[in-house]
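Undergrad: from the sequence below, what's the structure:
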Amino acid sequence: MDKKPCKSQDVEVRKGPWTMEEDLILINYIANHGEGVWNNLAKAAGLKRTGKSCRLRWLNYLRPDVRRGNITPEEQLLIMELHAKWGNRLVMIVYCSSIYI
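TA: Model (predicted):
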């Protein structure tokens, strides 16, 4: 089974901060075509980024359901209650808080 190299020598990969134009290209491409194989998506969208960079940008910043900002006092109280019950078991805290939210 042959694998393609992750970096092609003839394509220059852009590094550094994302621009607003790149964000809009990625958002519009995913809105029209959906998510898929991220390396192919990066090339098809015309972004000079790696597939991993596009995936991380989408999942951590651009996805519509990503919440930003401070937690509410009710959420803070819930976290404290769950921490008192489960301790530092973050997996249990996240699982239980997703049930309540």
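Undergrad: need the phi and psi values for the residue nearest the centre of the chain.
TA: Centroid-nearest residue in the chain, with Cα atoms, centre = their mean: residue 59, separated by 1.4 Å. Backbone torsions for residue 59, taken as degrees, to the nearest 10, come to phi -70, psi -40.
Undergrad: give me the element the spatially closest residue to it that is not a sequence neighbour is part of.
TA: Leaving aside its sequence neighbours, residue 59 sits nearest to residue 66 (Cβ to Cβ, 6 or more residues apart in numbering; 7.9 Å). Using the backbone N, CA and C atoms, a C-beta is placed for each residue, glycine as well. Residue 66 is part of no helix or strand when elements are defined by DSSP states H and E.
Undergrad: got it, and residue 85?
TA: helix 73-86.
Undergrad: helices or strands up against that helix?
TA: helix 90-100 (3 or more Cβ pairs under 8 Å, 6 or more residues apart in numbering; DSSP states H and E).
Undergrad: before we move on, back to that, and the pLDDT at the residue nearest to the centre of the chain?
TA: pLDDT, residue 59: 91.
Undergrad: separation between it and residue 72?
TA: Distance of residue 59 to residue 72, computed by Cβ to Cβ, to the nearest Å: 23 Å.
Undergrad: before we move on, the earlier item: ok, the residue nearest to residue 59 to residue 60 distance?
TA: Counting by Cβ to Cβ, the gap from residue 66 to residue 60 is 7 Å.
Undergrad: do residue 74 as well
TA: Counting by Cβ to Cβ, the gap from residue 74 to residue 60 is 25 Å.
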